[in-house]
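Asks: Have a look at this prediction, sequence included:
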Amino acid sequence: AQTVTQSQPEMSVQEAETVTLSCTYDTSESNYYLFWYKQPPSRQMILVIRQEAYKQQNATENRFSVNFQKAAKSFSLKISDSQLGDTAMYFCAFMRGFGNEKLTFGTGTRLTIIP
Amino acid sequence: NAGVTQTPKFRVLKTGQSMTLLCAQDMNHEYMYWYRQDPGMGLRLIHYSVGEGTTAKGEVPDGYNVSRLKKQNFLLGLESAAPSQTSVYFCASKGGDLMNTEAFFGQGTRLTVV
């Protein structure tokens, strides 16, 4: 079974600074996908960024980027120029590449952006 | 386009009562999921379905049943609610091919069992 670990229950950063959220995972699969989801106070789950394991290039989406280290099974999220609207719970998630495609989530990191 | 809709959004139950949570999606997705979210535990998979008429157990299935009689609907039932089932419940759906990796979530249902 796959496991996803987020070791930072809470983090805070000043507005406009850069922050990195950590995630590690454990799997014997070679083909899989990794995701970061954001959950603001509204409770809605929003996909922030995804990474295909077969791609060496790190995914980026505007101010959000990942550092994907496949050998180390590490998948961190970097938020640049942080904004007040980035305040939320962030969940790292894993999904196998084919068949039985369940999302396995980490326990989350609560990020607070300080004005 | 409504996406994934959960009904109801809030509910308070007494111990031993039963209820059904309804999830409806209008994206013609093959896969549907029910998760529960508890503080410090992230989202844990209760049951899921890979297509109409199919269901399977997830990580925490005890005390819950599900049905997927129609492709667009996925029902989660609690036959005899317990305080340990107090949680926020999320439904999600996803397309069935490898190009559709994004799961879309409903807005959640906050259930309190007293």
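Replies: Structure's in. What do you need? These numbers were taken from a predicted model, which means no experiment stands behind them.
Asks: I'd like the distance between the residue minimising distance to the centre of chain B and chain A.
Replies: Taking CA atoms, centre = their mean, the centroid of chain B lies closest to residue B:34, which sits 2.8 Å from it. Noted for residue B:34: a distance of 11 Å to chain A, by CB to the nearest CB, to the nearest Å. The C-beta positions use only the backbone N, C-alpha and C, and glycine is treated the same way.
Asks: and that residue, what does it touch?
Replies: B:21, B:23, B:45-48, B:58, B:64, B:66, B:74, B:76, B:89-91 (CB atoms under 8 Å, 6 or more residues apart in numbering or on different chains).
Asks: Mind doing that once more with 7 Å?
Replies: B:46-47, B:66, B:74, B:76, B:89, B:91 (CB atoms under 7 Å, 6 or more residues apart in numbering or on different chains).
Asks: Now render the residues you listed as JSON lines, adding secondary structure and distance to residue A:51.
Replies: Formatted as JSON lines, the contacts of residue B:34 follow (DSSP: H, G, I helix; E, B strand; the rest coil; distance: CB to CB, whole Å):
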{"residue": "B:46", "secondary structure": "strand", "distance to residue A:51": "26"}
{"residue": "B:47", "secondary structure": "strand", "distance to residue A:51": "27"}
{"residue": "B:66", "secondary structure": "strand", "distance to residue A:51": "30"}
{"residue": "B:74", "secondary structure": "strand", "distance to residue A:51": "28"}
{"residue": "B:76", "secondary structure": "strand", "distance to residue A:51": "30"}
{"residue": "B:89", "secondary structure": "strand", "distance to residue A:51": "28"}
{"residue": "B:91", "secondary structure": "strand", "distance to residue A:51": "25"}
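Asks: Could you identify which of the residues you listed has the most neighbours?
Replies: Using other CB atoms under 10 Å in any protein chain shown as the neighbour criterion, residue B:74 leads those with 30 neighbours.
Asks: how near is it to residue B:6?
Replies: 10 Å (CB to CB, to the nearest Å).
Asks: Next: residue A:98.
Replies: As judged by CB to CB, residue A:98 and residue B:6 stand 28 Å apart.
Asks: Who has more neighbours out of these two?
Replies: residue B:6 (20 against 10).
Asks: residues in contact with that one?
Replies: B:21, B:23, B:91, B:106-109.
Asks: Run a quick neighbour tally on the closest residue to chain B within chain A.
Replies: Going by CB to the nearest CB, chain B is nearest to residue A:45 of chain A, at 3.8 Å. The number of residues packed near residue A:45 is 25, by other CB under 10 Å.
Asks: looking at it, it is touching residue A:88, isn't it?
Replies: No - Residue A:45 lies out of contact with residue A:88 (CB atoms under 7 Å); the separation is 10.2 Å.
Asks: who touches both of the two?
Replies: With CB under 7 Å, 6+ apart, residue A:45 and residue A:88 have common neighbours residue A:39.
Asks: Which residues of chain A lie near chain B?
Replies: A:33, A:43-45, A:47, A:50, A:91, A:95, A:98, A:101-103, A:105-108 (CB under 7 Å from any CB of the partner chain).
Asks: Name the nearest of the residues you listed relative to residue A:26.
Replies: residue A:106 (11.3 Å; CB to CB).
Asks: Please report phi then psi for that closest one.
Replies: phi -80, psi -180 (degrees, to the nearest 10).
Asks: do the same with the one 3 residues further on
Replies: Torsion angles at residue A:109 (phi, psi; degrees, to the nearest 10) stand at phi -130, psi 120.
Asks: Settle this for me: residue A:78 is touching residue A:68, isn't it.
Replies: No - with contacts counted by CB under 7 Å, residue A:78 stays clear of residue A:68, the gap being 11.3 Å.
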